[in-house]
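Trainee: When you get a sec, could you give me coordinates for this:
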Amino acid sequence: MTNLFDISGKVAIVTGGANGLGRMITEGLVTAGARVYFTSRKEADCRATEAELAGSGDFRGIAADLSTPEGVVAFARTYLESEDKLDILINNAGRTWGAPIESFPDKAWTQVMAVNVQAPFTLVRELLPALRKAASAENPARVINIGSIAGAAAEKLSAYSYASSKAAIHHLSKVLAADLAADNITVNALVPGYFPTSMTSHIRAEDEKLTGLLERVPLGRMGTAADMVGTCIFLSSRAGAYVTGVNLSVDGGMLGCR
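Mentor: Numbering: from 1, shown residues only. Next up is the predicted model:
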């Protein structure tokens with residue numbers, strides 16, 4: 001029982017792992033002893049994160065454009081040049097678009113859905129042999145898709161394609177969980193509420209907006225890196241080996257306490 005939350009020695013991928021929630025997850029998994037491959041669209045962000053994490057563990061940043069199927073396949077091939085198995089896949093890379101409904105552009109749908117829904121599916125498909133190789137009945141391989149409270153409740157964000165894409169990834173996670181259970185691969189979605197990332201900077205910059213938000217959170221605060229990392233480690237470790245097909249809210253009670 002003392003090793004329930006041990007992930008040391010596991011190999012993980014965190015897409016979009018150089019910024020925001022992904023950056024929190026990357027650092028947390030590295031510190032917990034996993035070997036982590038993380039992606040970012042920008043080479044400079046990969047190198048900056050590597051410099052910040054220097055000496056903390058085993059990791060590698062890979063610049064990858066996950067906005068097209070070809071880019072996803074190229075990243076998967078790069079990973080497989082170094083590894084033949086994969087214990088943990090965290091599909092965190094995401095894109096959003098906000099605009100009033102009257103001016104919301106059609107291109108906001110194709111681009112957002114490509115990154116937030118199609119890319120996670122394509123990456124699971126391309127890395128399925130590596131996930132299967134790592135998996136066993138006692139220690140399944142894990143896929144964790146990062147959703148959003150915006151995909152589970154009607155938040156006033158004017159981010160129509162983003163909210164729809166997150167609802168889609170929540171459901172896709174359940175479908176994949178059902179399909180891959182026989183392969184000893186668990187698939188779950190995390191449903192984060194509000195965390196201190198660039199996506200919430202406009203809220204945190206104004207006291208009135210921040211106060212209004214926190215009044216809606218039963219626990220009265222934004223999430224922290226420990227909240228997000230702890231949940232990922234739970235799902236990635238022996239403690240979470242019997243959990244699959246779940247949309248797990250990490251939101252201070254915003255969904256569960258309604």
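Trainee: Run the chain-centre distance for the longest helix seen in the chain.
Mentor: When the chain is parsed with DSSP state H, its longest helix is helix 160-180. Its chain's average C-alpha position is 12 Å from that of helix 160-180, according to C-alpha atoms, centre = their mean, to the nearest Å.
Trainee: Indicate each strand paired with the helix or strand just after it and its parallel or antiparallel sense.
Mentor: Using DSSP states H and E, the helix or strand that follows helix 160-180 in sequence is strand 185-192. Looking at strand 185-192 with DSSP bridges, its partner strands are strand 141-146 (parallel), strand 247-250 (parallel).
Trainee: how far off helix 160-180 does strand 185-192 point, in degrees?
Mentor: In terms of direction (axes from the mean of the first three to the mean of the last three C-alpha atoms, to 10 degrees), strand 185-192 departs from helix 160-180 by 150 degrees.
Trainee: By mean pLDDT, point me to the weakest helix or strand of the protein.
Mentor: In the chain, no helix or strand scores lower on mean pLDDT, DSSP states H and E than helix 201-204, which sits at a mean of 81.
Trainee: coming back round to it: what helices or strands is the longest helix of the chain leaning on?
Mentor: Helix 160-180 sits against helix 107-113, helix 119-126, strand 141-146, strand 185-192, strand 247-250, with contacts defined as 3 or more C-beta pairs under 8 Å, 6 or more residues apart in numbering; DSSP states H and E. Heads up, the C-betas are built off the backbone N, CA and C, glycines and all.
Trainee: Ramachandran angles for Thr39?
Mentor: When read as degrees, to the nearest 10, the backbone of Thr39 gives phi -120, psi 160.
Trainee: right, and it touches Gly71 too?
Mentor: No - with contact defined as C-beta atoms under 8 Å, Thr39 does not reach Gly71; the gap is 9.9 Å.
Trainee: Figure out how far stretch 49-58 is from the centre of its chain.
Mentor: 20 Å.
Trainee: Stretch 110-127 now?
Mentor: Averaging C-alpha positions (C-alpha atoms, centre = their mean) puts stretch 110-127 12 Å from its chain's average.
Trainee: Pull out the buried positions in that stretch.
Mentor: If you call a residue buried by 16 or more other C-beta atoms under 10 Å, then stretch 110-127 has these buried ones: 111-124, 126-127.
Trainee: that older thread, out of the strands paired with strand 185-192, flag the one nearest Cys232.
Mentor: strand 141-146 (6.2 Å; C-beta to C-beta).
Trainee: Report the mean confidence score over that closest one.
Mentor: Per-residue pLDDT over strand 141-146 has a mean of 98.
Trainee: Alpha carbons of that strand, as PDB, please.
Mentor: Output of strand 141-146 as PDB, limited to C-alpha atoms (Å, rounded to 0.1, in the frame of the first residue of the first chain):
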ATOM      1  CA  ALA A 141      -1.400   1.700 -19.700                       C
ATOM      2  CA  ARG A 142      -3.200   5.100 -19.100                       C
ATOM      3  CA  VAL A 143      -4.700   7.700 -21.400                       C
ATOM      4  CA  ILE A 144      -5.800  10.900 -19.700                       C
ATOM      5  CA  ASN A 145      -7.600  13.500 -21.900                       C
ATOM      6  CA  ILE A 146      -7.800  17.000 -20.500                       C
END
